[in-house]
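Peer 1: Mind looking at a prediction? Sequence and model below.
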Protein chains: 2
Amino acid sequence: MLQPDHELDGFSRRRQIIDEATTLFLQRGYAGTSMSQLAKACGMQKASLYHHFPTKEALFVACATDGFDEAIAELAAIRADPTLDDDERFRRAIHAVYRINIDSACGRMAPLIAEVSRTIPAVARAFHDEFIMHQHVLMNGIIDDGIARGSFQAPERLGFEHMIFGPVVSLSLEREMFTTFDKFDTLRPIERIRTEHAELLLRLLHGADGGARGTAGRGRAGRAR
Amino acid sequence: MLQPDHELDGFSRRRQIIDEATTLFLQRGYAGTSMSQLAKACGMQKASLYHHFPTKEALFVACATDGFDEAIAELAAIRADPTLDDDERFRRAIHAVYRINIDSACGRMAPLIAEVSRTIPAVARAFHDEFIMHQHVLMNGIIDDGIARGSFQAPERLGFEHMIFGPVVSLSLEREMFTTFDKFDTLRPIERIRTEHAELLLRLLHGADGGARGTAGRGRAGRAR
DNA sequence: GTCTATACAAGGATAGAC
DNA sequence: GTCTATCCTTGTATAGAC
(Lines give C-alpha, C1' and ligand atoms only; values in the text may rest on other atoms or scores of the structure.)
Protein backbone atom coordinates (compact mmCIF):
# COMPACT_ATOMS: atom_id res chain seq x y z
CA MET A 1 0.00 0.00 0.00
CA LEU A 2 3.05 2.20 -0.03
CA GLN A 3 4.84 3.73 -2.96
CA PRO A 4 8.22 5.14 -1.95
CA ASP A 5 8.53 6.32 -5.53
CA HIS A 6 10.62 9.38 -6.14
CA GLU A 7 10.05 11.44 -3.04
CA LEU A 8 13.26 13.30 -3.80
CA ASP A 9 12.68 16.95 -3.15
CA GLY A 10 9.89 16.33 -0.71
CA PHE A 11 7.51 16.96 -3.56
CA SER A 12 5.92 14.06 -5.30
CA ARG A 13 3.73 14.55 -8.30
CA ARG A 14 1.86 11.46 -7.34
CA ARG A 15 1.09 12.97 -3.96
CA GLN A 16 -0.07 16.19 -5.52
CA ILE A 17 -2.40 14.38 -7.87
CA ILE A 18 -3.88 12.32 -5.07
CA ASP A 19 -4.45 15.42 -2.97
CA GLU A 20 -6.06 17.44 -5.72
CA ALA A 21 -8.13 14.47 -6.85
CA THR A 22 -9.33 13.81 -3.33
CA THR A 23 -10.48 17.39 -3.02
CA LEU A 24 -12.35 17.23 -6.30
CA PHE A 25 -13.87 13.83 -5.63
CA LEU A 26 -15.13 15.04 -2.25
CA GLN A 27 -16.63 18.13 -3.82
CA ARG A 28 -18.22 16.67 -6.94
CA GLY A 29 -18.37 12.92 -6.50
CA TYR A 30 -16.58 10.24 -8.50
CA ALA A 31 -18.54 10.33 -11.74
CA GLY A 32 -18.87 14.10 -11.42
CA THR A 33 -15.11 14.62 -11.44
CA SER A 34 -13.37 14.58 -14.81
CA MET A 35 -9.73 13.98 -15.60
CA SER A 36 -9.69 17.31 -17.42
CA GLN A 37 -10.74 19.20 -14.31
CA LEU A 38 -8.16 17.36 -12.31
CA ALA A 39 -5.44 18.10 -14.85
CA LYS A 40 -6.28 21.77 -14.69
CA ALA A 41 -6.24 21.71 -10.88
CA CYS A 42 -2.81 20.08 -10.97
CA GLY A 43 -1.53 22.51 -13.58
CA MET A 44 -0.67 19.78 -16.04
CA GLN A 45 -2.03 18.10 -19.14
CA LYS A 46 -4.66 15.41 -19.02
CA ALA A 47 -2.39 12.88 -20.71
CA SER A 48 0.25 13.34 -18.03
CA LEU A 49 -2.11 12.05 -15.39
CA TYR A 50 -2.15 8.71 -17.15
CA HIS A 51 1.56 8.41 -16.65
CA HIS A 52 0.96 8.24 -12.90
CA PHE A 53 -2.28 6.31 -12.82
CA PRO A 54 -3.42 3.87 -15.51
CA THR A 55 -7.13 4.66 -15.13
CA LYS A 56 -9.45 7.01 -13.31
CA GLU A 57 -10.60 4.07 -11.26
CA ALA A 58 -7.08 3.26 -10.10
CA LEU A 59 -6.63 6.89 -9.16
CA PHE A 60 -9.79 6.83 -7.10
CA VAL A 61 -8.74 3.67 -5.30
CA ALA A 62 -5.46 5.36 -4.44
CA CYS A 63 -7.33 8.37 -3.05
CA ALA A 64 -9.87 6.35 -1.12
CA THR A 65 -7.37 4.04 0.54
CA ASP A 66 -4.83 6.74 1.28
CA GLY A 67 -4.03 7.64 4.85
CA PHE A 68 -6.02 5.04 6.76
CA ASP A 69 -3.24 4.42 9.22
CA GLU A 70 -2.42 8.07 9.80
CA ALA A 71 -6.08 8.88 10.38
CA ILE A 72 -6.46 6.17 12.99
CA ALA A 73 -3.08 6.67 14.65
CA GLU A 74 -4.42 9.09 17.23
CA LEU A 75 -7.09 6.67 18.39
CA ALA A 76 -4.54 3.88 18.72
CA ALA A 77 -2.29 6.16 20.76
CA ILE A 78 -5.14 7.05 23.10
CA ARG A 79 -5.93 3.43 23.72
CA ALA A 80 -2.31 2.73 24.62
CA ASP A 81 -1.79 5.80 26.80
CA PRO A 82 -1.30 4.58 30.38
CA THR A 83 -1.57 8.02 31.97
CA LEU A 84 -5.30 8.37 31.35
CA ASP A 85 -8.09 7.16 33.56
CA ASP A 86 -10.86 5.26 31.83
CA ASP A 87 -13.40 8.06 31.63
CA GLU A 88 -10.90 10.52 30.26
CA ARG A 89 -9.57 7.98 27.82
CA PHE A 90 -13.06 7.38 26.56
CA ARG A 91 -13.72 11.10 26.17
CA ARG A 92 -10.55 11.58 24.19
CA ALA A 93 -11.31 8.55 22.10
CA ILE A 94 -14.68 10.02 21.15
CA HIS A 95 -12.94 13.26 20.33
CA ALA A 96 -10.54 11.37 18.09
CA VAL A 97 -13.35 9.51 16.36
CA TYR A 98 -14.92 12.86 15.50
CA ARG A 99 -11.68 14.12 14.03
CA ILE A 100 -11.07 10.92 12.10
CA ASN A 101 -14.48 10.85 10.50
CA ILE A 102 -15.27 14.52 10.08
CA ASP A 103 -11.93 16.23 9.52
CA SER A 104 -9.75 13.67 7.77
CA ALA A 105 -10.11 13.14 4.05
CA CYS A 106 -10.64 9.41 4.28
CA GLY A 107 -13.28 9.84 6.95
CA ARG A 108 -15.22 12.09 4.61
CA MET A 109 -15.01 9.49 1.85
CA ALA A 110 -17.95 7.44 3.10
CA PRO A 111 -20.58 8.88 0.72
CA LEU A 112 -18.15 8.41 -2.15
CA ILE A 113 -17.62 4.79 -1.24
CA ALA A 114 -21.38 4.40 -1.37
CA GLU A 115 -21.46 6.02 -4.80
CA VAL A 116 -18.93 3.62 -6.32
CA SER A 117 -19.76 0.56 -4.25
CA ARG A 118 -21.33 -1.28 -7.20
CA THR A 119 -18.70 -0.37 -9.77
CA ILE A 120 -15.62 -0.68 -7.55
CA PRO A 121 -16.59 -3.13 -4.81
CA ALA A 122 -12.96 -3.60 -3.77
CA VAL A 123 -12.78 -0.08 -2.44
CA ALA A 124 -15.79 -0.67 -0.21
CA ARG A 125 -14.13 -3.81 1.09
CA ALA A 126 -10.91 -1.96 1.88
CA PHE A 127 -12.77 0.89 3.51
CA HIS A 128 -14.54 -1.53 5.78
CA ASP A 129 -11.62 -3.79 6.60
CA GLU A 130 -8.90 -1.21 6.99
CA PHE A 131 -10.76 1.82 8.25
CA ILE A 132 -14.13 1.20 9.86
CA MET A 133 -13.19 -2.16 11.35
CA HIS A 134 -10.02 -0.82 12.95
CA GLN A 135 -11.89 1.98 14.63
CA HIS A 136 -14.46 -0.43 16.01
CA VAL A 137 -11.78 -2.75 17.30
CA LEU A 138 -9.89 0.06 19.02
CA MET A 139 -13.02 1.50 20.57
CA ASN A 140 -14.18 -1.87 21.79
CA GLY A 141 -10.75 -2.42 23.27
CA ILE A 142 -11.01 0.80 25.23
CA ILE A 143 -14.42 -0.22 26.53
CA ASP A 144 -13.30 -3.74 27.37
CA ASP A 145 -10.33 -2.40 29.30
CA GLY A 146 -12.65 -0.17 31.28
CA ILE A 147 -14.95 -3.08 32.03
CA ALA A 148 -12.04 -5.24 33.13
CA ARG A 149 -10.91 -2.53 35.52
CA GLY A 150 -14.39 -2.10 36.93
CA SER A 151 -14.84 1.42 35.59
CA PHE A 152 -17.53 0.53 33.09
CA GLN A 153 -20.51 -1.72 32.93
CA ALA A 154 -20.91 -3.79 29.79
CA PRO A 155 -23.58 -2.30 27.55
CA GLU A 156 -25.42 -4.11 24.78
CA ARG A 157 -22.43 -3.96 22.53
CA LEU A 158 -23.95 -3.88 19.08
CA GLY A 159 -26.37 -1.09 19.83
CA PHE A 160 -23.74 0.77 21.79
CA GLU A 161 -21.22 0.66 18.94
CA HIS A 162 -23.79 2.23 16.68
CA MET A 163 -24.49 4.89 19.23
CA ILE A 164 -20.78 5.70 19.24
CA PHE A 165 -20.09 5.81 15.53
CA GLY A 166 -23.51 6.54 14.09
CA PRO A 167 -23.79 10.14 15.26
CA VAL A 168 -20.29 10.87 14.01
CA VAL A 169 -20.79 9.35 10.59
CA SER A 170 -24.14 11.04 10.13
CA LEU A 171 -22.66 14.36 11.20
CA SER A 172 -19.93 13.94 8.61
CA LEU A 173 -22.55 13.14 5.98
CA GLU A 174 -24.71 16.07 7.00
CA ARG A 175 -21.76 18.41 6.71
CA GLU A 176 -21.34 17.32 3.10
CA MET A 177 -25.06 17.59 2.44
CA PHE A 178 -25.42 21.04 3.93
CA THR A 179 -22.15 22.70 2.90
CA THR A 180 -23.99 25.39 1.03
CA PHE A 181 -25.99 26.45 4.07
CA ASP A 182 -25.06 29.72 5.63
CA LYS A 183 -23.58 28.49 8.85
CA PHE A 184 -23.44 24.77 9.23
CA ASP A 185 -22.02 25.21 12.70
CA THR A 186 -25.17 26.94 13.83
CA LEU A 187 -27.32 24.16 12.44
CA ARG A 188 -25.07 21.47 13.86
CA PRO A 189 -22.71 22.79 16.53
CA ILE A 190 -20.18 19.99 16.34
CA GLU A 191 -18.26 20.88 19.50
CA ARG A 192 -21.33 20.85 21.65
CA ILE A 193 -22.79 17.77 20.04
CA ARG A 194 -19.54 15.93 20.59
CA THR A 195 -19.37 16.84 24.26
CA GLU A 196 -22.97 15.90 24.98
CA HIS A 197 -22.57 12.75 22.96
CA ALA A 198 -19.55 11.65 24.98
CA GLU A 199 -21.22 12.39 28.32
CA LEU A 200 -24.39 10.50 27.40
CA LEU A 201 -22.33 7.51 26.34
CA LEU A 202 -20.42 7.63 29.61
CA ARG A 203 -23.69 7.68 31.49
CA LEU A 204 -24.60 4.41 29.81
CA LEU A 205 -21.20 2.95 30.56
CA HIS A 206 -21.60 3.85 34.21
CA GLY A 207 -24.83 1.95 34.44
CA ALA A 208 -28.39 3.11 34.92
CA ASP A 209 -28.56 2.42 38.61
CA GLY A 210 -25.74 4.04 40.50
CA GLY A 211 -24.33 6.43 37.99
CA ALA A 212 -21.03 4.84 39.07
CA ARG A 213 -17.82 6.73 39.35
CA GLY A 214 -17.39 10.00 37.66
CA THR A 215 -13.70 9.75 36.96
CA ALA A 216 -12.74 6.24 37.89
CA GLY A 217 -9.07 5.47 37.45
CA ARG A 218 -7.87 2.04 36.53
CA GLY A 219 -8.56 -0.60 39.03
CA ARG A 220 -10.12 1.63 41.59
CA ALA A 221 -12.85 -0.45 43.06
CA GLY A 222 -15.74 1.83 42.64
CA ARG A 223 -18.52 -0.57 41.94
CA ALA A 224 -22.01 0.02 41.08
CA ARG A 225 -25.11 -2.07 41.34
CA MET B 1 -45.12 19.80 -4.87
CA LEU B 2 -47.89 17.72 -6.38
CA GLN B 3 -48.69 17.07 -10.00
CA PRO B 4 -52.14 15.54 -10.41
CA ASP B 5 -51.35 15.34 -14.11
CA HIS B 6 -53.03 12.61 -16.06
CA GLU B 7 -53.38 9.81 -13.57
CA LEU B 8 -56.05 8.27 -15.73
CA ASP B 9 -55.60 4.55 -15.80
CA GLY B 10 -53.72 4.49 -12.52
CA PHE B 11 -50.57 4.44 -14.59
CA SER B 12 -48.67 7.65 -15.04
CA ARG B 13 -45.63 7.81 -17.25
CA ARG B 14 -44.27 10.51 -15.01
CA ARG B 15 -44.56 8.20 -12.03
CA GLN B 16 -42.86 5.41 -13.89
CA ILE B 17 -39.97 7.65 -14.87
CA ILE B 18 -39.54 8.91 -11.32
CA ASP B 19 -39.54 5.38 -9.97
CA GLU B 20 -37.06 4.02 -12.49
CA ALA B 21 -34.87 7.09 -12.14
CA THR B 22 -34.86 6.83 -8.37
CA THR B 23 -33.74 3.23 -8.59
CA LEU B 24 -30.93 4.10 -10.98
CA PHE B 25 -29.83 7.18 -9.04
CA LEU B 26 -29.66 5.15 -5.84
CA GLN B 27 -27.61 2.46 -7.57
CA ARG B 28 -25.20 4.57 -9.58
CA GLY B 29 -25.33 8.09 -8.23
CA TYR B 30 -26.49 11.24 -9.98
CA ALA B 31 -23.62 11.84 -12.38
CA GLY B 32 -23.27 8.10 -12.86
CA THR B 33 -26.79 7.74 -14.19
CA SER B 34 -27.39 8.67 -17.82
CA MET B 35 -30.59 9.62 -19.54
CA SER B 36 -29.92 6.82 -22.05
CA GLN B 37 -29.83 4.19 -19.32
CA LEU B 38 -32.98 5.61 -17.85
CA ALA B 39 -34.74 5.62 -21.21
CA LYS B 40 -33.85 1.99 -21.69
CA ALA B 41 -35.08 1.12 -18.18
CA CYS B 42 -38.37 2.85 -18.95
CA GLY B 43 -38.66 1.18 -22.34
CA MET B 44 -38.79 4.45 -24.22
CA GLN B 45 -36.59 6.77 -26.22
CA LYS B 46 -34.27 9.27 -24.62
CA ALA B 47 -35.99 12.20 -26.30
CA SER B 48 -39.31 11.19 -24.79
CA LEU B 49 -37.97 11.72 -21.31
CA TYR B 50 -37.49 15.38 -22.12
CA HIS B 51 -41.18 15.71 -22.76
CA HIS B 52 -41.80 14.94 -19.08
CA PHE B 53 -38.83 16.67 -17.52
CA PRO B 54 -37.00 19.63 -19.05
CA THR B 55 -33.57 18.62 -17.73
CA LYS B 56 -31.86 15.82 -15.88
CA GLU B 57 -31.54 18.14 -12.92
CA ALA B 58 -35.28 18.77 -12.77
CA LEU B 59 -35.85 15.05 -12.92
CA PHE B 60 -33.51 14.49 -10.01
CA VAL B 61 -35.19 17.15 -7.94
CA ALA B 62 -38.50 15.44 -8.57
CA CYS B 63 -37.06 12.12 -7.43
CA ALA B 64 -35.33 13.51 -4.38
CA THR B 65 -38.31 15.45 -3.07
CA ASP B 66 -40.84 12.75 -3.84
CA GLY B 67 -42.70 11.06 -1.03
CA PHE B 68 -41.51 13.04 1.97
CA ASP B 69 -44.94 13.16 3.53
CA GLU B 70 -45.75 9.52 2.94
CA ALA B 71 -42.43 8.48 4.43
CA ILE B 72 -42.98 10.45 7.58
CA ALA B 73 -46.69 9.71 7.94
CA GLU B 74 -46.13 6.69 10.16
CA LEU B 75 -44.06 8.67 12.64
CA ALA B 76 -46.69 11.39 12.81
CA ALA B 77 -49.36 8.78 13.45
CA ILE B 78 -47.35 7.25 16.28
CA ARG B 79 -46.95 10.59 17.96
CA ALA B 80 -50.68 11.19 17.82
CA ASP B 81 -51.74 7.71 18.94
CA PRO B 82 -53.38 8.07 22.39
CA THR B 83 -53.48 4.33 23.10
CA LEU B 84 -49.73 4.00 23.61
CA ASP B 85 -47.80 4.54 26.81
CA ASP B 86 -44.70 6.67 26.53
CA ASP B 87 -42.12 3.90 26.45
CA GLU B 88 -43.97 1.95 23.85
CA ARG B 89 -44.60 5.04 21.78
CA PHE B 90 -40.90 5.80 21.84
CA ARG B 91 -40.01 2.25 20.81
CA ARG B 92 -42.39 2.37 17.89
CA ALA B 93 -41.12 5.80 16.92
CA ILE B 94 -37.58 4.45 16.75
CA HIS B 95 -38.85 1.57 14.68
CA ALA B 96 -40.51 4.04 12.32
CA VAL B 97 -37.36 6.14 12.04
CA TYR B 98 -35.48 3.03 10.94
CA ARG B 99 -38.05 2.28 8.28
CA ILE B 100 -38.15 5.87 7.08
CA ASN B 101 -34.41 6.20 6.68
CA ILE B 102 -33.40 2.70 5.66
CA ASP B 103 -36.32 1.30 3.70
CA SER B 104 -37.95 4.29 2.03
CA ALA B 105 -36.47 5.68 -1.16
CA CYS B 106 -36.17 9.23 0.09
CA GLY B 107 -34.49 8.08 3.28
CA ARG B 108 -31.84 6.36 1.20
CA MET B 109 -31.25 9.56 -0.79
CA ALA B 110 -28.93 11.13 1.76
CA PRO B 111 -25.63 10.21 0.06
CA LEU B 112 -27.06 11.44 -3.23
CA ILE B 113 -28.00 14.75 -1.68
CA ALA B 114 -24.40 15.02 -0.54
CA GLU B 115 -23.19 14.27 -4.06
CA VAL B 116 -25.21 17.06 -5.67
CA SER B 117 -25.19 19.49 -2.78
CA ARG B 118 -22.87 21.92 -4.58
CA THR B 119 -24.51 21.76 -7.97
CA ILE B 120 -28.15 21.64 -6.80
CA PRO B 121 -28.17 23.33 -3.40
CA ALA B 122 -31.95 23.68 -3.47
CA VAL B 123 -32.40 19.96 -3.14
CA ALA B 124 -30.28 19.89 0.00
CA ARG B 125 -32.38 22.69 1.41
CA ALA B 126 -35.61 20.82 0.69
CA PHE B 127 -34.24 17.59 2.10
CA HIS B 128 -33.36 19.34 5.31
CA ASP B 129 -36.48 21.45 5.69
CA GLU B 130 -39.08 18.95 4.58
CA PHE B 131 -37.59 15.63 5.60
CA ILE B 132 -34.93 15.73 8.29
CA MET B 133 -36.40 18.67 10.17
CA HIS B 134 -39.85 17.11 10.32
CA GLN B 135 -38.49 13.93 11.78
CA HIS B 136 -36.58 15.82 14.44
CA VAL B 137 -39.64 17.87 15.34
CA LEU B 138 -41.85 14.81 15.66
CA MET B 139 -39.30 12.92 17.72
CA ASN B 140 -38.73 15.86 20.00
CA GLY B 141 -42.46 16.18 20.43
CA ILE B 142 -42.68 12.58 21.55
CA ILE B 143 -39.91 13.13 24.05
CA ASP B 144 -41.38 16.39 25.32
CA ASP B 145 -44.74 14.73 25.84
CA GLY B 146 -43.05 12.02 27.86
CA ILE B 147 -41.23 14.57 29.97
CA ALA B 148 -44.41 16.54 30.58
CA ARG B 149 -46.12 13.36 31.79
CA GLY B 150 -43.24 12.48 34.06
CA SER B 151 -42.26 9.36 32.13
CA PHE B 152 -38.96 10.71 30.88
CA GLN B 153 -36.18 12.84 32.20
CA ALA B 154 -34.89 15.57 29.92
CA PRO B 155 -31.60 14.55 28.31
CA GLU B 156 -29.05 16.89 26.78
CA ARG B 157 -31.19 17.39 23.75
CA LEU B 158 -28.67 18.09 21.03
CA GLY B 159 -26.50 15.11 21.81
CA PHE B 160 -29.55 12.94 22.36
CA GLU B 161 -31.06 13.83 18.98
CA HIS B 162 -27.85 12.73 17.33
CA MET B 163 -27.86 9.51 19.26
CA ILE B 164 -31.36 8.87 17.91
CA PHE B 165 -30.86 9.67 14.26
CA GLY B 166 -27.12 9.17 13.82
CA PRO B 167 -27.08 5.39 14.13
CA VAL B 168 -29.99 5.11 11.72
CA VAL B 169 -28.51 7.39 9.09
CA SER B 170 -25.12 5.72 9.32
CA LEU B 171 -26.73 2.30 9.05
CA SER B 172 -28.53 3.43 5.90
CA LEU B 173 -25.26 4.73 4.49
CA GLU B 174 -23.42 1.56 5.40
CA ARG B 175 -26.03 -0.52 3.67
CA GLU B 176 -25.35 1.41 0.47
CA MET B 177 -21.60 1.16 0.97
CA PHE B 178 -21.59 -2.55 1.62
CA THR B 179 -24.30 -3.77 -0.74
CA THR B 180 -21.86 -6.02 -2.53
CA PHE B 181 -20.87 -7.84 0.64
CA ASP B 182 -22.10 -11.38 1.00
CA LYS B 183 -24.58 -10.90 3.80
CA PHE B 184 -24.97 -7.36 5.01
CA ASP B 185 -27.40 -8.56 7.64
CA THR B 186 -24.69 -10.63 9.26
CA LEU B 187 -22.33 -7.68 9.31
CA ARG B 188 -25.01 -5.31 10.54
CA PRO B 189 -28.02 -7.15 11.95
CA ILE B 190 -30.47 -4.30 11.66
CA GLU B 191 -33.24 -5.83 13.76
CA ARG B 192 -30.99 -6.42 16.71
CA ILE B 193 -29.23 -3.11 16.41
CA ARG B 194 -32.56 -1.33 16.35
CA THR B 195 -33.83 -3.09 19.43
CA GLU B 196 -30.68 -2.49 21.46
CA HIS B 197 -30.54 1.08 20.23
CA ALA B 198 -34.09 1.78 21.42
CA GLU B 199 -33.51 0.22 24.82
CA LEU B 200 -30.28 2.14 25.41
CA LEU B 201 -32.03 5.37 24.51
CA LEU B 202 -34.87 4.55 26.88
CA ARG B 203 -32.35 3.94 29.62
CA LEU B 204 -31.08 7.47 29.12
CA LEU B 205 -34.61 8.84 29.08
CA HIS B 206 -35.33 7.11 32.36
CA GLY B 207 -32.45 8.90 33.99
CA ALA B 208 -29.19 7.67 35.46
CA ASP B 209 -30.36 8.06 39.01
CA GLY B 210 -33.66 6.34 39.45
CA GLY B 211 -33.99 4.47 36.23
CA ALA B 212 -37.50 5.93 36.32
CA ARG B 213 -40.47 3.95 35.19
CA GLY B 214 -40.05 0.98 32.96
CA THR B 215 -43.30 0.96 31.11
CA ALA B 216 -44.86 4.00 32.57
CA GLY B 217 -48.10 4.99 31.00
CA ARG B 218 -48.76 8.56 31.62
CA GLY B 219 -48.06 9.07 35.25
CA ARG B 220 -47.96 5.44 36.24
CA ALA B 221 -45.11 4.95 38.64
CA GLY B 222 -43.87 1.55 37.48
CA ARG B 223 -40.22 0.94 38.28
CA ALA B 224 -37.77 -1.28 36.58
CA ARG B 225 -34.43 -2.91 37.32
C1' DG C 1 7.84 12.85 -17.24
C1' DT C 2 5.41 16.14 -19.78
C1' DC C 3 3.63 17.82 -23.88
C1' DT C 4 0.33 18.20 -28.40
C1' DA C 5 -2.82 15.90 -31.00
C1' DT C 6 -6.30 12.74 -31.57
C1' DA C 7 -9.31 8.54 -31.33
C1' DC C 8 -13.71 7.15 -30.13
C1' DA C 9 -17.61 6.59 -27.13
C1' DA C 10 -21.11 8.64 -24.41
C1' DG C 11 -23.03 12.53 -22.38
C1' DG C 12 -27.23 16.07 -22.32
C1' DA C 13 -30.29 18.16 -25.11
C1' DT C 14 -33.12 19.61 -29.46
C1' DA C 15 -35.73 19.37 -34.18
C1' DG C 16 -39.29 17.90 -36.40
C1' DA C 17 -42.16 13.99 -38.30
C1' DC C 18 -46.03 11.17 -36.90
C1' DG D 1 -46.72 11.75 -26.36
C1' DT D 2 -43.48 9.11 -28.68
C1' DC D 3 -40.45 8.35 -32.27
C1' DT D 4 -35.88 8.88 -35.43
C1' DA D 5 -32.16 11.56 -36.36
C1' DT D 6 -28.87 14.74 -35.10
C1' DC D 7 -26.06 18.57 -32.65
C1' DC D 8 -22.43 19.60 -29.95
C1' DT D 9 -19.82 18.94 -25.80
C1' DT D 10 -17.39 16.29 -22.84
C1' DG D 11 -15.69 12.00 -21.30
C1' DT D 12 -11.72 8.42 -20.86
C1' DA D 13 -7.85 7.00 -22.85
C1' DT D 14 -3.84 6.50 -26.26
C1' DA D 15 0.08 7.70 -29.73
C1' DG D 16 4.13 9.58 -30.29
C1' DA D 17 7.32 13.73 -30.21
C1' DC D 18 10.45 16.04 -26.99
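Peer 2: Arrived safely, thanks for sending. Numbers count the residues shown, from 1 in each chain, chains lettered A, B, ... in the order given.

Peer 1: Against B:P111, how distant is A:R203?
Peer 2: As judged by Cβ to Cβ, to the nearest Å, A:R203 and B:P111 stand 31 Å apart. Backbone N, C-alpha and C define where each C-beta goes, glycine included.

Peer 1: C-terminal to the helix of greatest length in chain A, what's the next element?
Peer 2: As assigned by DSSP state H, the longest helix anywhere in chain A is helix A:157-177. Counting by DSSP states H and E, the next helix or strand C-terminal to helix A:157-177 is helix A:184-187.

Peer 1: quick one: buried residues of the following helix or strand past that next one?
Peer 2: Sequence order places helix A:190-205 as the next helix or strand after helix A:184-187, per DSSP H and E. Going by neighbour count (16 or more other Cβ atoms under 10 Å in any protein chain shown), the buried part of helix A:190-205 is A:190, A:193-198, A:200-205.

Peer 1: Of those residues, which is the nearest to A:M139?
Peer 2: If you rank the buried residues of helix A:190-205 by distance to A:M139 using Cβ to Cβ, A:L201 comes first, at 10.4 Å.

Peer 1: Might you report the residue contacts of A:A93?
Peer 2: By Cβ atoms under 8 Å, 6 or more residues apart in numbering or on different chains, the contact list for A:A93 reads A:L75, A:I78, A:R79, A:L138, A:M139, A:I142.

Peer 1: ok, now A:L201?
Peer 2: Taking Cβ under 8 Å, 6+ apart as the criterion, A:L201 is in contact with A:F90, A:I94, A:F160, A:M163, A:I164.

Peer 1: Show me which of those residues is closest to A:F53.
Peer 2: Closest to A:F53 out of these is A:I164 (35.6 Å), distances taken as Cβ to Cβ.

Peer 1: Could you tell me how far the closest one is located from A:R192?
Peer 2: Relative to A:R192, A:I164 is positioned 17 Å away (Cβ to Cβ).

Peer 1: Would you map out the domains in chain A?
Peer 2: A:13-63, A:68-205 (automatic domain parsing).

Peer 1: Helices along chain A, start to end?
Peer 2: A:13-28, A:35-42, A:46-52, A:56-64, A:68-80, A:86-98, A:110-116, A:121-127, A:133-148, A:157-177, A:184-187, A:190-205.

Peer 1: pLDDT averaged over the shortest one, what's the number?
Peer 2: When pLDDT is averaged along helix A:184-187, the result is 96.

Peer 1: ditto for the fourth one
Peer 2: Across helix A:56-64, the average pLDDT comes to 98.

Peer 1: how far off helix A:13-28 does it point, in degrees?
Peer 2: Helix A:56-64 and helix A:13-28 meet at an angle of 90 degrees, taking axes from the mean of the first three to the mean of the last three Cα atoms, to 10 degrees as the criterion.

Peer 1: any bit of helix A:56-64 sitting next to DNA strand D?
Peer 2: Yes: applying Cβ under 7 Å from any atom of the strand, one finds helix A:56-64 in contact with DNA strand D at A:K56, A:E57.

Peer 1: Tell me the helices and strands packed up against that helix.
Peer 2: Helices and strands touching helix A:56-64, as assessed by 3 or more Cβ pairs under 8 Å, 6 or more residues apart in numbering or on different chains; DSSP states H and E, comprise helix A:13-28, helix A:110-116, helix A:121-127.

Peer 1: Tell me the residues of chain A that contact DNA strand C?
Peer 2: By Cβ under 7 Å from any atom of the strand, the residues of chain A that approach DNA strand C are A:H6, A:R13, A:G43, A:M44, A:Q45, A:K46, A:A47, A:S48, A:H51, A:H52.

Peer 1: Let me know the closest of those to chain B.
Peer 2: A:K46 (18.4 Å; Cβ to the nearest Cβ).

Peer 1: Once you drop chain neighbours, what's closest to the closest one?
Peer 2: Excluding the flanking residues, the one nearest A:K46 by Cβ to Cβ, 6 or more residues apart in numbering or on different chains is A:A39, at 4.3 Å.
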